[in-house]
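Enquirer: no FASTA, just this:
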C-alpha cells in the first residue's frame, strides 16, 4: 500500500509511454499494475501542493486560495500567455518569469482528439505532448518568450482548435486525414510576416503510443473521489493525465493535493 498526497501522473518517453504516479511520499511505477485491481482510498484530507496548508477546497489542480492569489504560476497569463504583463512591471514573481516565461518556447501542432495548436517551453515539449495525450506532435516555430508564443498560438488558432476534447482523446476513434507536415505547410503559408522569422526549417514529427490493451473500449465515466472516496477498478492503461479502468477513467491531475492510500490487489 502507498500513502501520500497526490502530485501528478508522470509520463516518460518509451514504447509505449511509461507512467509513474507521484505522491508526496514517493512514486509508483505503474507498469506492473496494469490488468490488476487497484483500490484508491481518499482520506478526506486536502493539502495545497505548494504550501502544504490543509484546506476544505483546492483550486487549479492542487492550490489553496491564498496561493492562487499570490503565485505567478497561478496567474491568468499562464493559461492565456498572450496576456503576459511582465513588460508592464506587474508580474507576481519576476524570478519565476525569468525562468519560465522569458525563455524560448515552441509553438506546435499535435493530434490528440483532433488537430490542435499549442505552445510549450523548450526542453519540456515531450512531457507537454504526453500530458495532453498527443499521438503525433510537430513543432512549427521557436520564439524567444512565452508571450510571443501565445500571440503566435492565437494567430494559428484562428483556423485550428487550441483545446483537446478529453473524451475523444481517450477513445482514439479518429485518425488524421492529413499529415502534420502537410498541415504545417498550410499553417506557415497563412502566418503574418512578423512571425516568419521564427518558423523552424528542420522539424520532425514525433509519435507516441500509450499503454492499453488492443481493442480496449474506454468507459468514459469519471472517477470522482469527492463523491466516492473509496474506489476500486481494474487498471487497463493510461493516456495523458488519465488512468484507464474497466469501470471508468481517473483524471489524476484534477485530484492533486488529495491524501490517498493506493493498493494494488
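Expert: Right, received. Where do you want to start? What you see is a predicted model; the values in this text were computed from it and never measured. Numbers count the residues shown, from 1 in each chain.

Enquirer: quick one, helices of the stretch 51-200 of the chain?
Expert: 65-70, 94-100, 125-131, 146-156, 166-171, 180-190 (DSSP state H, counting those that start in this stretch).

Enquirer: Would you mind putting those into a markdown table with mean pLDDT, mean neighbour count and distance to residue 11 alongside?
Expert: C-beta here means a position set from N, CA and C on the backbone, and glycine is covered the same way. Putting the helices of the stretch 51-200 of the chain into a markdown table (pLDDT from 0 to 100; neighbours: other Cβ atoms under 10 Å; distance: least, Cβ to Cβ, whole Å) gives the following:
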| stretch | mean pLDDT | mean neighbour count | distance to residue 11 |
| --- | --- | --- | --- |
| helix 65-70 | 97 | 15 | 25 |
| helix 94-100 | 95 | 14 | 20 |
| helix 125-131 | 97 | 19 | 4 |
| helix 146-156 | 97 | 22 | 22 |
| helix 166-171 | 94 | 18 | 14 |
| helix 180-190 | 95 | 15 | 20 |
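
Enquirer: Just tell me which of the ones you listed ends up closest to residue 204.
Expert: helix 180-190 (9.4 Å; Cβ to Cβ).

Enquirer: quick check: angle from that closest one to helix 146-156?
Expert: Note on geometry: by axes from the mean of the first three to the mean of the last three Cα atoms, to 10 degrees, helix 180-190 and helix 146-156 are set 90 degrees apart in direction.

Enquirer: following helix 180-190, which helix or strand comes up?
Expert: strand 206-207 (DSSP states H and E).

Enquirer: on contacts alone, who are the packing partners of the helix or strand following that next one?
Expert: Going down the chain from strand 206-207, the next helix or strand is strand 230-239, by DSSP H and E. Packed against strand 230-239 by the contact rule (3 or more Cβ pairs under 8 Å, 6 or more residues apart in numbering; DSSP states H and E) you find strand 36-47, strand 242-245.

Enquirer: how does it look with 10 Å?
Expert: The contact analysis (3 or more Cβ pairs under 10 Å, 6 or more residues apart in numbering; DSSP states H and E) places strand 230-239 against strand 2-12, strand 18-23, strand 36-47, helix 166-171, strand 242-245, strand 248-251, strand 258-264.

Enquirer: hmm, who's touching the fifth one?
Expert: I take that to be strand 242-245. Outside strand 242-245, the residues that touch it by Cβ atoms under 10 Å, 6 or more residues apart in numbering are 9, 19, 21, 30, 33-34, 37-38, 40, 133, 166, 169-170, 210-213, 216, 218-219, 221-223, 231-238, 248-254.

Enquirer: just to revisit the earlier point, could you single out the most deeply buried of the helices and strands packed on strand 230-239?
Expert: Of all the helices and strands packed on strand 230-239, strand 242-245 has the most neighbours on average by mean count of other Cβ atoms under 10 Å, namely a mean of 24.
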